[in-house]
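In: take this sequence and fold it.
(one chain, ligands or ions: 1)
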Amino acid sequence: MEIQENISLKPYNTFGLDVFTSKFVEVSNVEELQEILMNNNDPLLILGGGSNILFTQNFNGLVIKNNITGITVLEESNKEIVLKVGAGEVWHHFVLYCIDNNYAGVENLSLIPGNVGAAPMQNIGAYGVEVKDLITQVEAFDMRDYSIKIFTSLECEFDYRSSVFKTSEKGNYIITSVIFRLNKEAKLNISYGAIEDELEAMKISSPSIKDVSNAVINIRSSKLPDPKKIGNSGSFFKNPIVPTLVKDKILAEYPETPNYPQLDGSFKIAAGWLIEKCGWKGKRINNYGVHENQALVLVNYGGAKGIDILRLSEEIIKSVKDMFGVDLEREVNII
Ligand code: EPU
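Out: Sure thing, here's the model as predicted:
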């Protein structure tokens, strides 16, 4: 474990932004983390897969790259398995591990960028599944007293792209591992339109979890840019949740607006659709812009500055507000 100085973070953020940190260290277990933190006086930034972050400037402090890995079986029955997974495992590798072992539940979440530790942080979700339904506990390191705390799923206060780690406990904990309960008997969730269509196109009538995973991989690859080729951080904005009145006002003018009723009576509106309607989809400004297949995704074509992408996001927020009266919120963390 060596603290390096003046390191480029370009390989460590999926936007591919070339910013520097004054100090950088990789930790591979809780003891190393503890040792580093007990001897640190610099401002801290914890990095997982770097897939939900927009660097607008260099970082003057210590970046800790969480490389705590490993998958351990905690409990097993004929029907279920409980796995403890290190926060530094690459999310999609974990999904593939589950599929290879026939552990069902995470297949709809295939190909989501980032590491396992980020999954509870923002309650990742796709194609009708949210990770909160699979997580039983989260193990986290308390940066204030160097102790380990176990959060139950309830204590995580999971919400749409949110958890206690992004809200009231922001900055207090480092997630070290996540405990998942998965099924040995698949209960497939394929009612999401795009998955049904893709399975049909693949000519599969009774899909396995591997088929569902492949369908999701096909859909994602066709709509979302591969961060290895074009820098991006997935959805840049959250889908806004609005009261019925606002939804009705939008629908009166644009009846085709995709909207999804929520349990509390409000409605989630597809931000990608709103942004597209404002004319942003596929718009390119020099070396950055809005992705051509999914307007929710901002991209760095190479060499862009984070501050330009941030300004672009501000312009998008303003135009959606002007046209629809809806406030868009960013999903990514701005540094
Ligand atoms: N749409 C448009 N134009 C666009 C993009 C979308 O009209 O440019 C429409 C689509 O046609 C569809 C609706 O908006 O009717 C929803 O689009 P999509 O199914 O692509 O999903 P999304 O709501 O835009 C969310 C997640 C994604 C996740 C997909 C699939 C958020 C912020 N994003 O996107 O997650 O992959 O659903 O379930 O909730 C991520 O968080 O990084 C991410 C990629």
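In: would you map out the domains in the chain?
Out: 4-66, 71-183, 231-334 (automatic domain parsing).
In: report how many residues lie close to the residue nearest to Val216 when sequence neighbours are not counted.
Out: Nearest in space to Val216, with sequence neighbours left out and distances taken as CB to CB, 6 or more residues apart in numbering, is Ser110 at 4.4 Å. Backbone N, C-alpha and C define where each C-beta goes, glycine included. Residues lying near Ser110 (other CB atoms under 10 Å) number 25.
In: before we move on, what about Ile217?
Out: 16.
In: so for the ligand, which of the domains of the chain sits nearest?
Out: In terms of CB to the nearest ligand atom, the element of the domains of the chain nearest to the ligand is domain 231-334, at 2.5 Å.
In: distance between the closest one and the chain's centre?
Out: Relative to its parent chain, domain 231-334 has a centroid offset of 16 Å by CA atoms, centre = their mean, to the nearest Å.
In: does it reach the ligand?
Out: Yes. Residues of domain 231-334 are located near the ligand by CB under 6 Å from any ligand atom, namely 234-235, 238-239, 258, 270, 272-273, 276, 281, 294-296, 331.
In: want to throw the residues you listed into JSON lines with secondary structure?
Out: Below are those laid out as JSON lines (DSSP: H, G, I helix; E, B strand; the rest coil):
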{"residue": "Gly234", "secondary structure": "coil"}
{"residue": "Ser235", "secondary structure": "coil"}
{"residue": "Lys238", "secondary structure": "coil"}
{"residue": "Asn239", "secondary structure": "coil"}
{"residue": "Pro258", "secondary structure": "coil"}
{"residue": "Ala270", "secondary structure": "coil"}
{"residue": "Gly272", "secondary structure": "helix"}
{"residue": "Trp273", "secondary structure": "helix"}
{"residue": "Glu276", "secondary structure": "helix"}
{"residue": "Lys281", "secondary structure": "coil"}
{"residue": "Gln294", "secondary structure": "coil"}
{"residue": "Ala295", "secondary structure": "coil"}
{"residue": "Leu296", "secondary structure": "coil"}
{"residue": "Glu331", "secondary structure": "coil"}
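In: just to check, Ile81 is in contact with Leu182?
Out: Yes. Counting by CB atoms under 8 Å, Ile81 does reach Leu182; the two are 5.4 Å apart.
In: overlap of the contact sets of these two?
Out: Contact criterion CB atoms under 8 Å, 6 or more residues apart in numbering; residues shared by Ile81 and Leu182: Tyr103.
In: helices along the protein, start to end?
Out: For the chain, applying DSSP state H gives helices covering 30-38, 91-100, 118-121, 193-201, 209-223, 244-253, 271-277, 306-324.
In: same question for the third one, mean pLDDT?
Out: Rounded to a whole number, the mean pLDDT of helix 118-121 is 96.
In: outside of it, which residues touch it?
Out: By CB under 8 Å, 6+ apart, helix 118-121 touches 48-49, 51-52, 91, 112, 124, 131-132, 135, 138, 156, 158, 163, 165-166, 175, 178.
In: which among these end up buried?
Out: Listed as buried from the contacts of helix 118-121 are 48-49, 51-52, 91, 112, 124, 131-132, 135, 138, 156, 158, 163, 165-166, 175, 178; burial here means 16 or more other CB atoms under 10 Å.
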